[in-house]
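**Student:** Mind looking at a prediction? Sequence and model below.
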Amino acid sequence: MTIASTLALAAMMTGFCGCAENPFLQSGPEPRVANCALIKQATPSLYACNGKTYTATQLTDIRDGKTPLSN
Amino acid sequence: MKGRWIVRLTVLSGLLVMAIAQPLHAQDATSVGQTTTLWIDEGTGQVFIRPGHGRVPLTIGTSPQQLQQQIEETTQEKVRAAVAESEAQQQADRVKLEQQVAAMQPAWHSYLNNFQDKFRIGALAYLDYGYYTHAAFGPQFLENLYPPGVGNNSYNSFDINRIYLNTYFSPTKDFTFRFTPELYRAVNSTSSSQNYSEGATTGVGSNLTGNMNLRLKYGYLQYSGLWDQVPMLKGGNVVFGAQPNPLNSWEDDLYGFRYVNLNPWNYLGLSSGVVGMQFNGPVKLEGGETNYVDYAFGAYDNGNFHAIPQSNSKQIMGRASIYPFGANWRFQGLGLTGFYNYGWGNVAPDSDDTSEALKVSSSHFSRIAALLHYSAETWNIAGEFDYGNNAFTLSNLYSGSGPLDAFGTATGSPETETGYAGNPCSPSKPCYGVQDTYGPQVAAYQAFLNNGRSRQVGFDLFGHYLIPYTKLTAFGLYQWFLPNDNVEEDPLDFERFVAGLSYQWNEYVRIAIDSQNLLFYHSQFGLPVSSLEQYNYIPGGTLNGRLLPKSPGFVIPGLVPRDMHTIFLNIEFAY
């Protein structure tokens, strides 16, 4: 399966989805894990976002609104 | 008259005094509580010793009842006062005790608080579904994958290729013990000798192949305070035990898609786990947080983490990554990385001296990797040059699966006519033919790869790119490899490429769909025995009980292996 066909399939799914939020697009507060570089797979994993380092659990807390957006 | 009464009164008083004036003993209990009653005429004031008309009693002293009552009243007052004081004290003590109890940590509460701060547990799982449009023999694309080879197109399977349980114990800030068990698939001989017998007539079948077993992957002690007093080296540590080698884990983190495919040297057989002692750390030239160098080097057993060490020598490995413009986070910006590995075959000293034509088991090996890489937060790209000596053997070529001839079983019909391929073939001394068999080809590959003088050269390119505003990342890897560039035209030269799309579900789960391919890119050809002989192929030698072609001009055909093409769905869970 080529990348182009996969993207087309994803686009079709967004059209048929009828969902309020497109699952293939980013949403939520920054920083978002998709925009971050995975720099170490460990316990917990580490990500670099906007020049700062976050753990996976910190990014989860930001996404869930448990932590202020800027540290 | 009046004087007589005074005299009588005086005498009477004197008598009265004498009557009651007794020695007063301080401790005399008999005198306590005694009373004397006189009688007073209220009209005249005279005192009489007997009652009479118009006389009222005059009691001197205290009666026992009165005394008792006084004592009781006094005692009760004192008791009441004491009780009140005691109650007040008890109240104060109770308040104090309650405060102490509230502040006091139960043993289990204290233990849990400490445990929480000093213990971490996590899990890692790589799961996949693989569809082999073109099945073939070759190295495994991922751990624990052993697909059937040529002739099994459309083979497909759900697999578990990695499960870790990571536990970290840090009783103090500078000591950490890591224990990581992993799952692996057992592969065992299916020989009838593996079955179990009970008594004289009972048998039980046994086949351990396929079981997912548990074994130790990492178990090490790390000390992190080594360079605390040296600002430039602060953060460095020393590790002792079964641990990641200096290259594989680092490169897996650089690539970022280990759950999809192996990095170049890992694919070629460099195990990610080693047992030994290693130093790791950053070098911060200006003493700040910007990193310019990070390093890892150490000495290890020659075998990998699941091999019994046998040799009396050790292998060394070292990696250094330089960031000329500084890196504020790991891998940031431009980086140059060099890796070097040197060691010897994992062979016991007493068998190391035996003479053999194919010396790979006892020869030295080396690996070099040189990388140029650039990383940003949403994309990266890396190029790598690989060089090695005796670092890719027949067992690495067939780490996924190979023909039976490479694993002790002859295939194809034997040739028994004498003179075939220059051999004295007979039913008692059968020879390998070239039809429906891989025997002669396996012998040729052994000569190319296991002769103790092979030289590997390779080049790789890999990277990824986040599609903006989406959770989708395109990634890919290209590997070109010459298993022995001393061979003028090596049929085993190959290319591997991986291309796919990864979806970031959340911080812990990713899903990828990708294509993985192994291409032996030469056009099909054969080589004569005379050409193979220079690589220590033994004309007329024996493999699996059959004689190999001997005549110098006899051509062993079909040396270029079949390609492998697959489509994978890979899932990663990391916590």
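**Tutor:** It's in.

**Student:** Alpha carbons only: can I get stretch B:297-308 in PDB?
**Tutor:** Extracted as PDB, the C-alpha positions of stretch B:297-308 are listed here (Å, rounded to 0.1, in the frame of the first residue of the first chain):
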ATOM      1  CA  PHE B 297      32.000   2.600  25.800                       C
ATOM      2  CA  GLY B 298      32.800  -0.600  27.600                       C
ATOM      3  CA  ALA B 299      34.000  -4.200  27.600                       C
ATOM      4  CA  TYR B 300      31.700  -7.200  27.300                       C
ATOM      5  CA  ASP B 301      31.600 -11.000  26.900                       C
ATOM      6  CA  ASN B 302      32.100 -12.000  23.300                       C
ATOM      7  CA  GLY B 303      28.700 -13.700  23.100                       C
ATOM      8  CA  ASN B 304      25.400 -11.900  23.300                       C
ATOM      9  CA  PHE B 305      23.200 -11.600  26.400                       C
ATOM     10  CA  HIS B 306      21.700 -15.100  26.000                       C
ATOM     11  CA  ALA B 307      24.900 -17.000  25.100                       C
ATOM     12  CA  ILE B 308      27.100 -18.800  27.700                       C
END
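
**Student:** Could you give the number of residues near residue 39?
**Tutor:** Here I'm looking at chain A. By the criterion of other C-beta atoms under 10 Å in any protein chain shown, A:Ile39 has 21 neighbours. Backbone N, C-alpha and C define where each C-beta goes, glycine included.

**Student:** that's the wrong chain, I meant chain B
**Tutor:** What B:Trp39 shows, counting by other C-beta under 10 Å, is a neighbour count of 17.

**Student:** any idea how far chain A is from it?
**Tutor:** Look at B:Trp39 and chain A: by C-beta to the nearest C-beta, to the nearest Å, they are 99 Å apart.

**Student:** hang on, that residue packs against B:Ile49?
**Tutor:** Yes: using C-beta atoms under 8 Å, B:Trp39 is in contact with B:Ile49, at 7.1 Å.

**Student:** Would you pull up the residue in chain B closest to chain A?
**Tutor:** Closest approach between chain B and chain A, counting by C-beta to the nearest C-beta: B:Gly122, at 2.9 Å.

**Student:** Would you mind naming the helix or strand containing that residue?
**Tutor:** strand B:119-134 (DSSP states H and E).

**Student:** Neighbouring strands - and their directions - for that strand?
**Tutor:** The pairing partners recorded for strand B:119-134 under DSSP bridges are strand B:155-172 (antiparallel), strand B:564-574 (antiparallel).

**Student:** Comparing those by mean pLDDT, which bottoms out?
**Tutor:** Lowest mean pLDDT within these: strand B:155-172, at a mean of 94.

**Student:** Which positions within it qualify as buried?
**Tutor:** B:Tyr155, B:Asp159, B:Ile160, B:Asn161, B:Arg162, B:Ile163, B:Tyr164, B:Leu165, B:Asn166, B:Thr167, B:Tyr168, B:Ser170 (16 or more other C-beta atoms under 10 Å in any protein chain shown).

**Student:** Could you tell me how many residues sit around the residue of chain B closest to chain A?
**Tutor:** B:Gly122 has 19 neighbours, counted by other C-beta under 10 Å.

**Student:** Correct me if wrong: it contacts A:Ala56.
**Tutor:** No: taking contacts as C-beta under 8 Å, B:Gly122 lies outside contact range of A:Ala56: 9.6 Å.

**Student:** what is in contact with the two at once?
**Tutor:** Residues touching both B:Gly122 and A:Ala56 by C-beta atoms under 8 Å, 6 or more residues apart in numbering or on different chains: A:Pro44, B:Ala574, B:Tyr575.

**Student:** Out of those residues, flag the one nearest to B:Ala84.
**Tutor:** A:Pro44 (61.5 Å; C-beta to C-beta).

**Student:** Wait, a helix at that closest one?
**Tutor:** No: read with DSSP: H, G, I helix; E, B strand; the rest coil, A:Pro44 is coil and lies in no helix.

**Student:** circling back: between the shared contacts of B:Gly122 and A:Ala56, which is nearest B:Val498?
**Tutor:** B:Val498 lies nearest to B:Ala574 out of the shared contacts of B:Gly122 and A:Ala56, by C-beta to C-beta, at 19.6 Å.

**Student:** For that closest one, which residues are in contact?
**Tutor:** By C-beta under 8 Å, 6+ apart, the neighbours of B:Ala574 are A:Gln41, A:Ser45, A:Ala56, B:Gly122, B:Ala123, B:Leu124, B:Ala125, B:Tyr508.

**Student:** Swap in 6 Å and give it another go.
**Tutor:** A:Gln41, A:Ser45, B:Leu124, B:Tyr508 (C-beta atoms under 6 Å, 6 or more residues apart in numbering or on different chains).

**Student:** hang on, the second one packs against A:Thr55?
**Tutor:** No: in this structure, A:Ser45 sits apart from A:Thr55 without contact. The criterion is C-beta atoms under 6 Å, and the distance is 7.0 Å.

**Student:** So between the two, which is more surrounded?
**Tutor:** A:Ser45 (22 against 16).

**Student:** Contact partners for the more buried one?
**Tutor:** A:Ser45 touches A:Ala56, B:Ala574, counting by C-beta under 6 Å, 6+ apart.

**Student:** Kindly recompute the last result at 7 Å.
**Tutor:** Going by C-beta atoms under 7 Å, 6 or more residues apart in numbering or on different chains, A:Ser45 touches A:Leu38, A:Ala56, B:Ala574.

**Student:** and the first one, what element?
**Tutor:** Meaning A:Leu38. Assigned by DSSP H and E, A:Leu38 falls in strand A:37-40.

**Student:** where are the low-confidence patches of the chain?
**Tutor:** All of this refers to chain A. Low-confidence segments of chain A, defined by pLDDT under 70, span residues A:1-20, A:68-71.

**Student:** um, chain B though
**Tutor:** Residue ranges of chain B with pLDDT under 70: B:1-34, B:62, B:102-114, B:189-194, B:287, B:351-360.

**Student:** what's the helix or strand for the residue positioned nearest the centre of it?
**Tutor:** Most central in chain B under C-alpha atoms, centre = their mean is B:Thr180, positioned 2.6 Å from the mean C-alpha point. Assigned by DSSP H and E, B:Thr180 falls within strand B:175-185.
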